[in-house]
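> predicted model follows, preceded by the sequence.
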Amino acid sequence: MPLVRVDAVTKTYPTGVRALARVSFSVEPGEFVVLLGPSGAGKTTLFRCLTGLTRPDSGAVEIHGRDICRLGGRDLRTTRREVAMIFQQFNLIRRLTATQNVLAGRLPLLPTWRVLARSFARDDRQLALRCLDTVGLLDKAYTRADQLSGGQQQRVAIARALAQEATVVLADEPVASLDPESAATVLDTLRSVAARGVAVIASLHQVGLATDYADRIIALRDGRLLEDAPRGAFDPQALEQIYERSDARVAEPAGG
């Protein structure tokens, strides 16, 4: 069974902008899928649907076979724990150490009293260190986040997703603010995460990085899926369609 299945998802905002139009695809365990598309293509709305923050007008979004849009209460919280988000701006607490930031990924799994007291068991701390080791940052375990480079901070965010024990990782423009060397390191790290059996979906603008790192590329434009193919079979004409100019386009709310 795919870890992620998106089936004919459509979303139109009150402004009349159609952000997604019958988009369908699935992602298997261990796949690294890249979403390509210009700003306004529908990538942000798609991620919001995958996390249950936005409900589509029609269609289904399934995580582990459960339609996240039809869940509520404890079932919704349980399913959301399967999905980890990695953001463009790292989303770390800058005054805390790398280890403390990674431990934040454990909070949804802990009893309420531990969350309130921020009291972590030894097993959780050991797991955080293993996750930092996995992303190559064990030597920075006790360094404050604001003393790390941008690429290192993004790898701490990936380690936090591993500590959450998520089976689906969504990375929203994870290398947009990084230099080429740091971007390559982060994407290598995401590929290694996928190799652990996690479904990884990353949105990118950089075509070259997509064709270098993705197992599969999904191309979106104006909310429509133009192409879904392994990177080696990606249609160059589809690439031209994605980024061709269109003065009539209207961007979707809140990003791409």
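Okay, I see it. Residues are numbered from 1 along each chain as shown.

> was I right about Asp146 contacting Arg94?
Yes: here Asp146 reaches Arg94: they are 3.9 Å apart, a contact under Cβ atoms under 8 Å. Where you see a C-beta, it was placed from the backbone N, CA and C, and this is true even at glycine.

> now the helices for the stretch 101-250 of the chain?
112-117, 122-134, 150-163, 180-194, 207-213, 236-243 (DSSP state H, counting those that start in this stretch).

> please enumerate residues in contact with the fifth one?
Taking Cβ atoms under 8 Å, 6 or more residues apart in numbering as the criterion, the residues outside helix 207-213 that touch it are 32, 34, 36, 175, 183, 187-188, 190-191, 204, 217, 231, 234, 239.

> kindly recompute the last result at 7 Å.
Residues from elsewhere that reach helix 207-213, judged by Cβ atoms under 7 Å, 6 or more residues apart in numbering: 32, 34, 36, 175, 183, 187, 191, 204, 217, 231, 234, 239.

> closest to Pro14 out of those residues?
Leu36 (27.4 Å; Cβ to Cβ).

> and the closest one, how many residues sit next to it?
Using other Cβ atoms under 10 Å, Leu36 is surrounded by 28 other residues.

> now it: phi and psi?
Backbone torsions for Leu36, taken as degrees, to the nearest 10, come to phi -110, psi 140.

> nearest to Leu20, out of the helices of the stretch 101-250 of the chain?
Here helix 236-243 is closest among the helices of the stretch 101-250 of the chain (Cβ to Cβ), at 15.4 Å.

> which elements pack onto that closest one?
With contacts taken as 3 or more Cβ pairs under 7 Å, 6 or more residues apart in numbering; DSSP states H and E, helix 236-243 sits against strand 216-221, strand 224-230.

> show me the shaky parts of the stretch 101-250 of the chain.
110-118, 245-250 (pLDDT under 70).

> which strand residues bridge Ser26?
Under DSSP bridges, the beta-bridge partners of Ser26 are Arg5.

> can you name the residues that contact it?
Counted by Cβ under 7 Å, 6+ apart, Ser26 has contacts 2, 4-5.

> need the nearest residue in space to Ala166, chain neighbours excluded.
In this structure, Ala166 finds its nearest non-sequential neighbour in Ala84, 3.6 Å apart by Cβ to Cβ, 6 or more residues apart in numbering.

> number of residues surrounding the one you found?
Neighbours of Ala84 (other Cβ under 10 Å): 25.

> what subset of the contacts of helix 207-213 is buried?
Among the contacts of helix 207-213, those buried by neighbour count (16 or more other Cβ atoms under 10 Å) are 32, 34, 36, 175, 183, 187, 204, 217, 231, 234, 239.

> any idea how far Val193 is from the closest residue to the third one other than its chain neighbours?
Read that as Leu36. In space, and not counting its chain neighbours, Leu36 is closest to Ala219: 5.0 Å by Cβ to Cβ, 6+ apart. Per Cβ to Cβ, to the nearest Å, Ala219 is found 23 Å from Val193.

> do Leu127 as well
15 Å.

> same question for Ala161.
7 Å.

> list residues touching both of those two?
Common neighbours of Ala161 and Val193 (Cβ under 7 Å, 6+ apart) are Val169.

> so what sits opposite the most centrally placed residue in the chain in the bridge?
Against the mean C-alpha coordinate of the chain, by Cα atoms, centre = their mean, the closest residue is Leu170 at 1.2 Å. Leu170 has the following beta-bridge partners by DSSP bridges: Met85, Ile201.

> and it, what does it touch?
Contacts of Leu170 (Cβ under 7 Å, 6+ apart): 47, 50, 83, 85-86, 201.

> quote the end-to-end distance of stretch 68-88.
Chord length of stretch 68-88, first to last residue, is 24 Å (Cα to Cα, to the nearest Å).

> repeat for stretch 129-142
10 Å.

> got the contact list for it?
97-99, 102, 148, 152, 155-156, 158-159, 162-163, 189.

> between those, which sits nearest Asp57?
Nearest to Asp57 among those is Ile158, at 32.7 Å by Cβ to Cβ.
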